[in-house]
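**Q** what's the 3D shape of this:
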Amino acid sequence: ALPDCGRASCCRCAAAAARQPPPRRAVGGRRARMRAAALLLALLPVTLGSPGDRDPAYRRCVRRCIPPRGHPGASDEGLVRRECEYGCMHSVTDHRLAEGLPMLQYNGRWPFRRALGMENPASTVLAVANAVPHAWHGWKNRAGFAPPEHYMSPWLLLYPLVSIQAWAFSAWFHAFESPRTAALDYASALLLLAYASWLVLRRLLGPLPAERHRLVALAFAICAGLTLLQCARLLAGLVPHHEHMAVCAVLALLHGGAWLAWCGREWLRTTRPQARARAHVVRCLRLQAAFGLAATLEIFDFAPWQRLVDAHALWHACTVPIAHLWYRFWLEDAGLAVQASKVRRRD
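**A** Take a look at the predicted model:
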């Protein structure tokens, strides 16, 4: 059981803490220094985390809830702090909503309601749902989208495995949020994004003569080494969040730009009678547009409905059908590539 917060439990003390007036401060120079400090903090809000972290009611509630060092209830300080922050986060949110105030984020996240022990149940379930298309197509249709005669076959066979590990770690993170699960989520997502970028670059190169296969393997080894090094730095806590986001943004631009370049090249190569090939290019463009629109949910965030479903969860919901359609694209792409290879051999 968590320690009492004064005479009220830590999960109920936020309303009283919010109504309690702040302690009186000395006048004169001390007040002037405090005003200057408050102005500086207002100018630099990012350095202090989420808006809710700076809410006086929330901070008072957490301060009262956490027992002092040496207290019997403080044997696991990390667990106690997380439980106190969870209880105070929802208590303060209840009080704010009752007064018509907007919902705030705390510790970089919205106040989600737990369900079955999961910190963010909607995103957890949807992350698992995203792994399903990769598992299904990777098991049932691997001979279709990665036939042995296709030069992309060895790379495409790895794609479902890389995707499944990314969504598995994403589900773990949303279910049990901690610095460790967050690092694993970031590293696995980076690995997936880097591998997806490698796939489109390899597809853009097209079939190559046998003497160049070693160069391709060397290029892949270099890219894989750099990616794994960055993942190791993430797991070791050596990568700031802004650096990780910058790397992901560069890879996302590379991925999207390479697919646009491939679409442009294939469109110019085909003629109007080749309706199937041009429809294939249009399908790729539509998938890229759909993924781009779904990704805007990560930018235009909003408070979770019923403290369960937010923009991030909706983004996960959108990527489930996109993943299925993406495998259909690879299935048709493999057929067209193998057909074109047979035509070149006959010529």
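**Q** mind listing the helices for the protein?
**A** With DSSP state H applied, the chain shows helices at 14-19, 29-43, 56-65, 77-98, 121-140, 142-145, 153-175, 179-205, 213-235, 241-269, 275-295, 311-346, listed in chain order.
**Q** how about the ones you listed in JSON lines, adding mean pLDDT and mean neighbour count?
**A** For every residue, glycine as well, the C-beta is placed using N, CA and C. Putting the helices of the chain into JSON lines (pLDDT from 0 to 100; neighbours: other C-beta atoms under 10 Å) gives the following:
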{"stretch": "helix 14-19", "mean pLDDT": "43", "mean neighbour count": "20"}
{"stretch": "helix 29-43", "mean pLDDT": "47", "mean neighbour count": "10"}
{"stretch": "helix 56-65", "mean pLDDT": "90", "mean neighbour count": "21"}
{"stretch": "helix 77-98", "mean pLDDT": "88", "mean neighbour count": "19"}
{"stretch": "helix 121-140", "mean pLDDT": "95", "mean neighbour count": "19"}
{"stretch": "helix 142-145", "mean pLDDT": "86", "mean neighbour count": "17"}
{"stretch": "helix 153-175", "mean pLDDT": "96", "mean neighbour count": "20"}
{"stretch": "helix 179-205", "mean pLDDT": "95", "mean neighbour count": "19"}
{"stretch": "helix 213-235", "mean pLDDT": "94", "mean neighbour count": "14"}
{"stretch": "helix 241-269", "mean pLDDT": "92", "mean neighbour count": "15"}
{"stretch": "helix 275-295", "mean pLDDT": "91", "mean neighbour count": "15"}
{"stretch": "helix 311-346", "mean pLDDT": "89", "mean neighbour count": "16"}
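**Q** okay if I get these as TSV plus distance to P304?
**A** Conversion of those to TSV gives the following (distance: least, C-beta to C-beta, whole Å):
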stretch	distance to P304
helix 14-19	19
helix 29-43	27
helix 56-65	17
helix 77-98	10
helix 121-140	8
helix 142-145	36
helix 153-175	13
helix 179-205	19
helix 213-235	27
helix 241-269	21
helix 275-295	18
helix 311-346	8
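**Q** so which of those helices comes closest to P111?
**A** helix 77-98 (4.6 Å; C-beta to C-beta).
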